[in-house]
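Novice: here you go, sequence then predicted model.
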Amino acid sequence: MASNPPAACCATGFKHEGNPSGEIKTIGNVETYFSYPKDNKTPEKAIIILTDIIGIYTNSQLIADDFAAQGYLAVIPDLFQGDPIKLNDFENGKADLPAWLQNHQTTHVDPVVESTVKHLREELGVKKIGGVGYCFGGKYVCRFLKEGKLDVGYTAHPSFVTHEELGAIKGPLSIAAAEIDQIFTTPLRHESEETLKKTGQPWQINLFSNVAHGFAVRADLSVKQNKFAKEQAFLQAVCWFGQYL
């Protein structure tokens, strides 16, 4: 494995403050959050955000809005089709992560990502697409970083990625990693570096100290180090897409 399967740390974190400015639409029968750049409803470049197991909620929506502010159409498909893990349920012991994961395998998630890419390219006329994956979503950035799918990829603290998926990427990939991470561990990070070298694609891994898995989307922003790392990880993605997308 290039990263381990999701664990309890995948469903812990803090809800961020803010009012999302986008809107929910449907692609087929999948609810999708759309956030548009200012004064441009038909951008030629888009970002698909593939979420952690919490799905579409304030934190992910605010990140989409931030990408839209950079000039991209940003969309978040509901990878779990109405069945995300809720932070409160997990904290209250009501969520069964292993059982939940059985209902959200690649056979369930791949078609959602596929239809989102198709809609952007064929219905909206988007020319280039970047993929952003947080935790669970990082696997699908790697799976879809192929010609005609995602052109450029970025993932923060990815989970459940196999070496085969990582080694098969056909586009540039940037990774934001946490020092404290039982999923994307130090040994797995170093193994991933060796795998990425063999792809022949541009790649980057930035390591952020004193932060844990999930920091780029669910960190406690009242902690100065967390806030800095989250903001820098976002800027890492912006710079990566600026260079390659």
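Specialist: Here it is on my side, so go on.

Novice: where does Trp100 sit: helix, strand or coil?
Specialist: helix (DSSP: H, G, I helix; E, B strand; the rest coil).

Novice: is the nearest residue to it once chain neighbours are set aside in a helix, a strand, or coil?
Specialist: Nearest non-adjacent residue to Trp100, counting by Cβ to Cβ, 6 or more residues apart in numbering: Ile85, 6.1 Å away. In short, each C-beta sits where N, CA and C put it, glycine included. Under the three-state scheme (three-state DSSP), Ile85 adopts coil.

Novice: give me every residue that touches Ile85.
Specialist: Ala11, Ile53, Ile54, Gly55, Ala95, Leu97, Trp100 (Cβ atoms under 8 Å, 6 or more residues apart in numbering).

Novice: shouldn't the fourth one be within a helix?
Specialist: Just to be clear, that refers to Gly55. No - using three-state DSSP, the assignment for Gly55 is coil, not a helix.

Novice: per-residue pLDDT, the residue nearest to it when sequence neighbours are not counted?
Specialist: Of all residues not flanking Gly55 in the chain, Pro84 sits nearest, at 3.2 Å (Cβ to Cβ, 6+ apart). With respect to pLDDT, Pro84 scores 93.

Novice: hang on, isn't Pro84 packed against Asp52?
Specialist: No - if you go by Cβ atoms under 8 Å, Pro84 and Asp52 don't touch, sitting 9.0 Å apart.

Novice: who has more neighbours out of those two?
Specialist: With neighbours defined as other Cβ atoms under 10 Å, Pro84 and Asp52 compare such that Asp52 has more, 29 against 22.

Novice: tell me the contacts of that one?
Specialist: Shown in contact with Asp52 (Cβ under 8 Å, 6+ apart): Cys10, Ser60, Tyr134, Cys135, Phe136, Gly137, Gly214, Val217, Arg218.

Novice: if we can go back for a sec, any shared contact partners between Pro84 and Asp52?
Specialist: By Cβ under 8 Å, 6+ apart, no residue touches both Pro84 and Asp52.

Novice: and which of the contacts of Asp52 is nearest Thr162?
Specialist: Nearest to Thr162, judged by Cβ to Cβ, of the contacts of Asp52 is Phe136 at 13.9 Å.

Novice: my read is that the closest one contacts Leu97, right?
Specialist: No - applying Cβ under 8 Å as the test, Phe136 and Leu97 come out as separate, 10.7 Å apart.

Novice: neighbour count winner among those two?
Specialist: For Phe136 versus Leu97, neighbours defined as other Cβ under 10 Å are more numerous around Phe136 (26 against 15).

Novice: can you tell me how far the more buried one sits from His213?
Specialist: 11 Å (Cβ to Cβ, to the nearest Å).

Novice: again with Val132
Specialist: Applying Cβ to Cβ to Val132 and His213 gives a distance of 16 Å.

Novice: same deal with Phe34?
Specialist: For Phe34, the distance to His213 equals 28 Å [Cβ to Cβ].

Novice: what ranges does this structure have for its strands?
Specialist: When assigned using DSSP state E, the strands of the chain occupy the ranges 23-27, 30-35, 45-50, 73-77, 128-134, 152-156, 173-180, 203-212.

Novice: which residue comes closest to Phe234 once chain neighbours are left out?
Specialist: Phe234's closest residue in space is Asp66 (Cβ to Cβ, 6+ apart), at 6.3 Å.

Novice: buried residues in the helix ranked longest in the chain?
Specialist: When the chain is parsed with DSSP state H, its longest helix is helix 224-244. Neighbour counts over helix 224-244 (16 or more other Cβ atoms under 10 Å) mark Asn226, Ala229, Lys230, Ala233, Phe234, Gln236, Ala237, Val238, Trp240, Phe241, Tyr244 as buried.
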